[in-house]
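Colleague: the sequence and its predicted three-dimensional model are supplied below.
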Amino acid sequence: MPQDRAAPEPARAPPPPVTPQRSARKERAGRPAAPPSGRPRPDAGARSAARPARGQPADARGGALALLAALREGATLAEAAAGAGLGQLAPAERARAQRLAAATIRWRGRSDAVLAPLLGRQPRAEMSDILRLAVTELLGLGEAPHGVVNAAVALARGAGPGGRAAAGMVNAVLRRAAGAQAQWDGAAPARLPDWLRGPVARQWGEGVAAAIEAAHETAPGVDLTGKPGAAVPGEPLPTGSRRLPPGTQVTALPGYEAGAWWVQDAAAALPVRLLDPRAGERVADLCCAPGGKTMQLAAAGAAVIAVDLSEARLSRVRANLERTRLDAALVAADALAWRPDCALDAVLLDAPCSATGTIRRHPELPLIRDGAMIPDLVRLQAAMIDHALALLGPGGRLVYAVCSIHPAEGEAQLAAALDRHPGLTVERPRMPGLDPAWITPEGAIRTRPDHWGHLGGLDGFFAVRLRRPGG
């Protein structure tokens, strides 16, 4: 997952955005235009964008700049990390590079507020990245000014003739920025893009939109879901998950090798708990990768059919099942075309979505999405709901879930499904530890990043349990 200043000069322009927004591609059913459930997915354009412009990064700061450069071309952080030349860095430096890049994006609203009055004109994008990174280290992470400023000047000088010419500016601006802690502390968080902020504010009000923006500045912890009765490390959360501090190395924790638990945000664990699977039930997990919900279903004793379009993603599900010693039938298929050999008792549909509920984990998403994918995603989700209902026997139940805070993918999608399917009913949640304020008037679960602020927040999710007539 951040002294001394001269009088400001007139007509200061703020630094340019970290990265241009880019329309997402339209893809086949089961493959979203944005990462499903917050899990970034590589594509050819992103792999090309993730190549560093100049050589290979020599340290964590250089690695962070390589990641930021890839983001400016539209890559996610995960895609950038896979192709930005970080492999030559030691594991600790590679992890630090990713933390620095994430913090720079997460706190961009504050760093831009500090830099705007100190800049006479907009620097080029590469220099803006260096300035934002350094300000984040100085004022957000409390690093020593001397080392941060010197490192930033060296990075500028290493960026070619233009960088060498700008090194003096970088030095002067950062020496003044080092004394701007009050401006940093008083700055507003980065705003949600208009295509997302507008619907959020209309649904819940300006105060909630601002609270979500503030929540996005906090690096998320590591949440775990365990097998029934297993000892799971971390602090208990009200809904049954356990939470560890950000950056925890999970592979070193007790129970990892034994497969007693797996990493899963507390909000992402709610849809299966809402479904309430029973031993022996035939349950399909559509769009299942990387398998957190598949493991929950299998641990409850259900006979699970886990469906995903991508063989590569299914290999991750298989590896997770092997580590946790759990069983499920894996099927590589388009979720809109797949049909079981007989009617199912239940279906879990974790549908492709905008992943806007996971911005606290993926702070780059507002910068590389422009909202153009929302209509296509809404149509795809509706088609998948209709198909999933057709897979159920009379009285069967469907849980529809998305890791999105866009109402079109949640609240409006539910209303439309009820209009299309007379007799379809919503079953209100009855789950221990669930905050009643998270239950919508229609009976769905709605979590937001500003919920559980005293516990470190959680992802934004919409989940609803639907019962087919009959039975």
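Modeller: Arrived safely. Numbers count the residues shown, from 1 in each chain.
Colleague: what segments of the stretch 251-400 of the chain are strands?
Modeller: Ranges of strands within the stretch 251-400 of the chain are 261-263, 282-286, 303-308, 329-332, 344-350, 392-402, based on DSSP state E, counting those that start in this stretch.
Colleague: elements contacting the second one?
Modeller: Pointing back at strand 282-286 there. Contact partners of strand 282-286 among helices and strands, from 3 or more C-beta pairs under 8 Å, 6 or more residues apart in numbering; DSSP states H and E: helix 292-299, strand 303-308, strand 344-350, helix 374-390. Every C-beta, even on glycine, is put in place using the N, C-alpha and C of the backbone.
Colleague: quick one: low-confidence parts of the stretch 201-350 of the chain?
Modeller: For the stretch 201-350 of the chain, no stretch is flagged by pLDDT under 70.
Colleague: please repeat the previous calculation with a cut-off of 90.
Modeller: By pLDDT under 90, the low-scoring segments of the stretch 201-350 of the chain are 247.
Colleague: compute the number of surrounding residues for L418.
Modeller: By other C-beta atoms under 10 Å, 16 other residues sit near L418.
Colleague: for it, phi and psi?
Modeller: The phi/psi pair for L418 (degrees, to the nearest 10) reads phi -70, psi -30.
Colleague: wait, doesn't it sit right on V426?
Modeller: Yes - under the criterion of C-beta atoms under 8 Å, L418 makes contact with V426 at 7.4 Å.
Colleague: on that earlier part again, most packed of the strands of the stretch 251-400 of the chain?
Modeller: Most buried of the strands of the stretch 251-400 of the chain, by mean neighbour count (mean count of other C-beta atoms under 10 Å): strand 282-286, with a mean of 28.
Colleague: ok, that strand: who's next to it in the sheet?
Modeller: Here strand 282-286 is paired, per DSSP bridges, with strand 303-308 (parallel), strand 344-350 (parallel).
Colleague: could you dump the ones you listed to CSV with distance to T104?
Modeller: Output for the strands paired with strand 282-286, formatted as CSV (distance: least, C-beta to C-beta, whole Å):
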stretch, distance to T104
strand 303-308, 33
strand 344-350, 30
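Colleague: for P145, which of those strands is the nearest?
Modeller: Of all those, strand 344-350 sits nearest to P145, with 45.9 Å by C-beta to C-beta.
Colleague: other residues contacting that closest one?
Modeller: 36-37, 271-272, 275, 277, 281-288, 293, 297, 302, 305, 335, 384-385, 388-389, 391-393, 396-403 (C-beta atoms under 8 Å, 6 or more residues apart in numbering).
Colleague: so how far is it from its chain's centroid?
Modeller: On the basis of C-alpha atoms, centre = their mean, to the nearest Å, strand 344-350 sits 24 Å off its chain's mean C-alpha point.
Colleague: now do the helix or strand hosting E79: which elements does it pack against?
Modeller: Using DSSP states H and E, E79 maps to helix 77-83. Packed against helix 77-83 by the contact rule (3+ C-beta pairs under 8 Å, 6+ apart) you find helix 44-49, helix 60-72, helix 91-106.
Colleague: put the alpha carbons of that helix into CSV.
Modeller: C-alpha atoms of helix 77-83 as CSV (Å, rounded to 0.1, in the frame of the first residue of the first chain):
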residue,chain,number,x,y,z
LEU,A,77,0.6,-1.3,-10.0
ALA,A,78,0.6,-5.1,-10.2
GLU,A,79,1.2,-5.0,-14.0
ALA,A,80,3.9,-2.4,-13.6
ALA,A,81,5.7,-4.4,-10.8
ALA,A,82,5.8,-7.4,-13.2
GLY,A,83,7.5,-5.5,-15.9
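Colleague: what does the model give P8 for pLDDT?
Modeller: P8 is assigned 28 on the pLDDT scale.
Colleague: let's number from 857 now, not from 1
Modeller: Got it, first residue is 857 now, which makes that one P864.
Colleague: pLDDT below threshold where in the stretch 1207-1327 of the chain?
Modeller: Counting by pLDDT under 90, the stretch 1207-1327 of the chain contains low-confidence ranges at 1326-1327.
Colleague: report the mean confidence score over the helix or strand A1012 falls within.
Modeller: Using DSSP H and E, A1012 sits within helix 1001-1013. Taken as a whole, helix 1001-1013 has an average pLDDT of 96.
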